[in-house]
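**Student:** Predicted model and sequence follow; I will ask about them next.
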Amino acid sequence: MSNVSRATDVAHTSPQQDSSSQASPMKGKEMTAKKSPIWDMSECALVLIDYQDGVLDLIFEQDRRVIELNTRYLAKFAKAIGIPVVLSTVGVEMGVNTPTISSLRAELPDVEEIDRSQMNAWEDAGFVEAVKATGRKKLVMGGLVTSVCLAYPAVDAMADGYEVAIVADAVGDATKEIHDTAMLRLIQAGAVPMTTTAMMAEFFRDWKSPVSDAARELWVPYKEEWAALKRDPKFVEFKGLV
C-alpha cells in the first residue's frame, strides 16, 4: 500500500474527525436547554418564610410596615394569578413563637403553614417536599430575617438546582448592615435581587395578557398604601433583643 493510501485510510478513521462530527448536535442541545432569564409566572413559586410577629420584632433599621405591605401584596398578586405559594413558620408548635402575621395569613387562607424547629427551612423535609410539590424550579423567596431564615434555605435551594430571586424590599434584618451583607452573600451565590414592584411586573409583562386585570386592580391600592407609609416614616416600637 502506498504512503498516500495509508494517509487516506488514517484520515478516514481519525478520532478527531469522529469527535468533531458529534460536537454539533451536542452544541445544539446545550443551546436548546438555555435557561430564560425572565421570571415568568408560569415557572415561579412564591416562598415566604417566618413572617411572624416575634421575628418582625427583630427588625430595627427598616420600616417593618413597608416590609409587611410588600409581602402582603406579593402574596395577594401570586394568589390572583395562580402562582403556588409555600408558607413556613418557626417555633410555633414548640410554643416559642406565634403563627404567620394575620394580615399575610388573611391573603393565604388556603395555604397550609409548615412549622419547623430548624432555622434553615431547607433542612425540614416537609418544607422541601412542599417546594417540590409546586413543580416550579424558579423560587421567588422572602424570609425574616435576611441573614438567617432567608439566606440559609436560599443558598441550599440554589445548590440543589433551583433558581432563586430575592425580593429585597420584602425582607429585613436587625440592622441595615446585616441585611445588606446577607444580600451580598445571596447575590454572590447566584440569587437575583428584585423589588416588589419589579417582581410583580415581571410575572406577566404585558398589559394585554389575561392576568393584567388582576394587576390593574392591585397596582393602584398598593402604590397608595406604599406612598402613605413613605410620607409618614414611623417605625414600630422596638421590642426585640438588640
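**Tutor:** It's in. What you see is a predicted model; the values in this text were computed from it and never measured. Numbering: from 1, shown residues only.
**Student:** correct me, but residue 138 touches residue 157?
**Tutor:** No - contact criterion C-beta atoms under 8 Å: residue 138 and residue 157 do not qualify, at 10.3 Å. The C-beta positions use only the backbone N, C-alpha and C, and glycine is treated the same way.
**Student:** mind checking the longest helix of the chain?
**Tutor:** Criterion DSSP state H: the longest helix present in the chain is helix 212-231.
**Student:** Convert that one to CSV, retaining C-alpha atoms only.
**Tutor:** The C-alpha coordinates for helix 212-231 follow below in CSV (Å, rounded to 0.1, in the frame of the first residue of the first chain):
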residue,chain,number,x,y,z
SER,A,212,-53.4,42.1,33.6
ASP,A,213,-56.8,42.9,35.1
ALA,A,214,-55.6,41.5,38.4
ALA,A,215,-52.5,43.7,38.2
ARG,A,216,-54.6,46.8,37.5
GLU,A,217,-56.9,46.0,40.5
LEU,A,218,-53.9,45.7,42.8
TRP,A,219,-51.4,48.2,41.5
VAL,A,220,-53.2,51.4,42.5
PRO,A,221,-54.1,50.5,46.1
TYR,A,222,-50.6,49.0,46.6
LYS,A,223,-49.0,52.2,45.4
GLU,A,224,-51.3,54.4,47.5
GLU,A,225,-50.6,52.4,50.7
TRP,A,226,-46.9,52.4,49.9
ALA,A,227,-46.8,56.1,49.3
ALA,A,228,-48.8,56.8,52.6
LEU,A,229,-46.2,54.8,54.6
LYS,A,230,-43.3,56.6,52.9
ARG,A,231,-44.8,60.0,53.6
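**Student:** mean confidence for it?
**Tutor:** Averaging pLDDT along helix 212-231 yields 92.
**Student:** Distance of the spatially most central residue of the chain relative to residue 225?
**Tutor:** A centroid search over the chain (C-alpha atoms, centre = their mean) returns residue 140, at 2.1 Å, as the residue closest to the centre. Remark: distance between residue 140 and residue 225 (C-beta to C-beta, to the nearest Å) = 21 Å.
**Student:** and what of residue 160?
**Tutor:** Taken as C-beta to C-beta, the span from residue 160 to residue 225 is 36 Å.
**Student:** Settle it for me: which of the two has more neighbours?
**Tutor:** Set residue 160 next to residue 225 and count neighbours by other C-beta atoms under 10 Å: residue 225 wins out with 16 against 11.
**Student:** ok, that one - contacts?
**Tutor:** Residue 225 is in contact with residue 69, counting by C-beta atoms under 8 Å, 6 or more residues apart in numbering.
**Student:** any chance you could map the strands in this structure?
**Tutor:** In the chain, the strands defined using DSSP state E lie at 44-49, 85-90, 113-116, 138-143, 163-167, 192-194.
**Student:** pretty sure residue 113 contacts residue 90?
**Tutor:** No - using C-beta under 8 Å, residue 113 is not in contact with residue 90; the gap is 10.4 Å.
**Student:** who's more crowded, those two?
**Tutor:** The residue with more neighbours, out of residue 113 and residue 90, is residue 90; 26 against 16, by other C-beta under 10 Å.
**Student:** and stretch 147-165, how far out from the chain's middle?
**Tutor:** Distance of stretch 147-165 from its chain centroid, counting by C-alpha atoms, centre = their mean, to the nearest Å, is 8 Å.
**Student:** Show me the contact partners of that stretch.
**Tutor:** For stretch 147-165, contacts defined as C-beta under 8 Å, 6+ apart pick out 35, 39, 47, 49-50, 55, 90, 119-123, 127, 131, 137-144, 166, 171, 173, 178-179, 181-182, 185-186, 189-194, 199.
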